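Visitor: Below: sequence and its predicted model.
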Amino acid sequence: MQTSDRQNQQLKIAARGALVGIVVYLIISSLKLGAAYFFHSASLRADGLNNLTDIISSILIFIGLRIARKPADEDHYFGHSKFEPLASFATSLIMFTVGLEVIKTSAERFIARDYPSPDLQALWVGLAASVILLITQRYIHHLAQKTHSMGLKASAKDLFSDFLTTLATMVAIAASSLGLAWLDILTALVIGGIILHTAYTIFKDSTFELSDGFDQEELEAYRAIVLKHPQIRAVPQIRARLCGQYVHVDITVLIDGHLSVIQSHHITEEIEQILAYNYNVYDVDVHVEPYFQTNLNQ
């Protein structure tokens, strides 16, 4: 099974989006961590570490997308598309580690009442970062919708979460300058929680796909549209799974048992075309069974 030119182009576009994410996060994390050191902001440091994990995430997604472009071979009959959710899974584990470290460090400082006094100049860094993040998020979201890439969809969600986190960091820095220094540490704790929540979301989505989970409502939509075919009497079984951005469907249909083999073959091709056109299904395996009066209860 060879990847079509259109799908290969989608993977190239998705990989370009991941590469943009790497560059943006590299710039932003460097700015935030440098500013956190010079301007003494715990929340900005936590925010910078959050973006540091995003660099690793974008790199892993970029690598996963590059591998996903490889055609099927003797060891990977369905292609290499699973490497994209596998990259997301690895990313979630790294984010769990960083999130726990941020919470641990911030909690220790909060308990010890080790409150920093951030310099207001750090606000300019936060402002610049928030603008860059929002622009990048819109761009990545557009590419994710265009390519149906799970990795880019996760990246777009993470970018918007980072945008909101940066705004919260700016509020904390401003409040600290007004005598609420403890709020900077508290915000760092919240950011650690956001990192863990994002890690859990990515972990849940990636493991769902890696374990061949599939949305039941979408599956029923496939069944319903196939049943609209005039020659289909019933659909006793249908199942599907995701391989990266590709959907593979196995379906059993009942048709008139008196039809010829050639007629049955034409019907299977029509089912493939229906699912491909309406739901962008990449591969359909149709199993045909004869329908007689004895099949009425199926």
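Guide: Received it, and whenever you're ready, just let me know what you need.
Visitor: For the chain, which residues score under the pLDDT cut-off?
Guide: Residue ranges of the chain with pLDDT under 70: 1-11, 69, 71-72, 76-79, 114-118, 150, 244-245, 292-298.
Visitor: which SS state does the residue positioned nearest the centre of it fall under?
Guide: With distances taken as Cα atoms, centre = their mean, Ala154 lies nearest the centre of the chain, 2.8 Å away. Under DSSP: H, G, I helix; E, B strand; the rest coil, Ala154 falls in the helix class.
Visitor: tally of neighbours for Leu100?
Guide: Using other Cβ atoms under 10 Å, Leu100 has 14 neighbouring residues. Where you see a C-beta, it was placed from the backbone N, CA and C, and this is true even at glycine.
Visitor: cool, and the one 3 residues further on?
Guide: A count of neighbours around Ile103, defined by other Cβ under 10 Å, yields 19.
Visitor: which residues touch the nearest residue to it once chain neighbours are set aside?
Guide: Computed as Cβ to Cβ, 6 or more residues apart in numbering, the closest residue to Ile103 that is not its neighbour in sequence is Gly192, at 3.6 Å. Gly192 sits next to 46, 99-103, 106 when contact means Cβ atoms under 8 Å, 6 or more residues apart in numbering.
Visitor: OK, contacts around Ala87?
Guide: 60-61, 63-65, 151.
Visitor: that older thread, can you give me the buried ones in the helix or strand hosting the residue nearest to Ile103?
Guide: Gly192 belongs to helix 182-210 when elements are defined using DSSP states H and E. Applying a neighbour-count criterion of 16 or more other Cβ atoms under 10 Å, one finds 182-192, 194-196, 198-199, 201-203, 205-206, 209 buried in helix 182-210.
Visitor: now swap in stretch 209-226 and tell me
Guide: 209, 214, 222-223, 226.
Visitor: Just these: which are in helices?
Guide: The helices, defined by DSSP state H, take in 209, 222-223, 226 from the buried residues of stretch 209-226.
Visitor: Going by neighbour count, which residues of the helix or strand Leu167 falls within are buried?
Guide: Per DSSP H and E: Leu167 is located in helix 150-176. For helix 150-176, the neighbour count (16+ other Cβ under 10 Å) marks 150-163, 165-170, 172-176 as buried.
Visitor: Next: stretch 130-139.
Guide: Those would be 130, 132-134, 136-137, 139, for stretch 130-139 by 16+ other Cβ under 10 Å.
Visitor: re earlier: for the buried residues of stretch 209-226, give me CSV that also has distance to Ile271.
Guide: Listed next are these as CSV, based on distance: Cβ to Cβ, whole Å:
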residue, distance to Ile271
Glu209, 24
Phe214, 18
Tyr222, 10
Arg223, 11
Val226, 6
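Visitor: quick one, strands of the protein?
Guide: Secondary structure of the chain (DSSP state E): strands located at 234-243, 246-256, 283-291.
Visitor: most neighbours per residue, which of these?
Guide: Highest mean neighbour count of the strands of the chain: strand 246-256, a mean of 20 (counted as mean count of other Cβ atoms under 10 Å).
Visitor: orientation of it relative to strand 234-243 in degrees?
Guide: Interaxial angle of strand 246-256 relative to strand 234-243 (axes from the mean of the first three to the mean of the last three Cα atoms, to 10 degrees): 170 degrees.
Visitor: Give me the contact list for strand 246-256.
Guide: For strand 246-256, contacts defined as Cβ under 8 Å, 6+ apart pick out 7, 78-79, 81, 222-223, 226, 231-242, 264, 267, 271, 275, 279-291, 295, 298.
Visitor: swap in stretch 221-235?
Guide: The contact list for stretch 221-235 (Cβ under 8 Å, 6+ apart) reads 238, 240, 249, 251-256, 259, 267, 270-271, 274-275, 278-279, 281, 291, 295, 298.
Visitor: Can you get me a residue count around Tyr25?
Guide: Tyr25 has 27 neighbouring residues, counting by other Cβ under 10 Å.
Visitor: wait, what's in contact with it?
Guide: Taking Cβ under 8 Å, 6+ apart, we find Tyr25 in contact with 51-52, 54-55, 58.
Visitor: Correct me if wrong: Val102 contacts Ala199.
Guide: No: assessed by Cβ atoms under 8 Å, Val102 is found out of contact with Ala199, at 11.5 Å.
Visitor: if we can go back for a sec, of the contacts of Gly192, which is the most crowded?
Guide: Result: Ala46 is most packed of the contacts of Gly192 (other Cβ under 10 Å), 31 neighbours.
Visitor: For Thr166, see how far away the nearest residue to Gly48 once chain neighbours are set aside is.
Guide: Of all residues not flanking Gly48 in the chain, Lys32 sits nearest, at 3.3 Å (Cβ to Cβ, 6+ apart). Distance, Lys32 to Thr166, by Cβ to Cβ, to the nearest Å: 8 Å.
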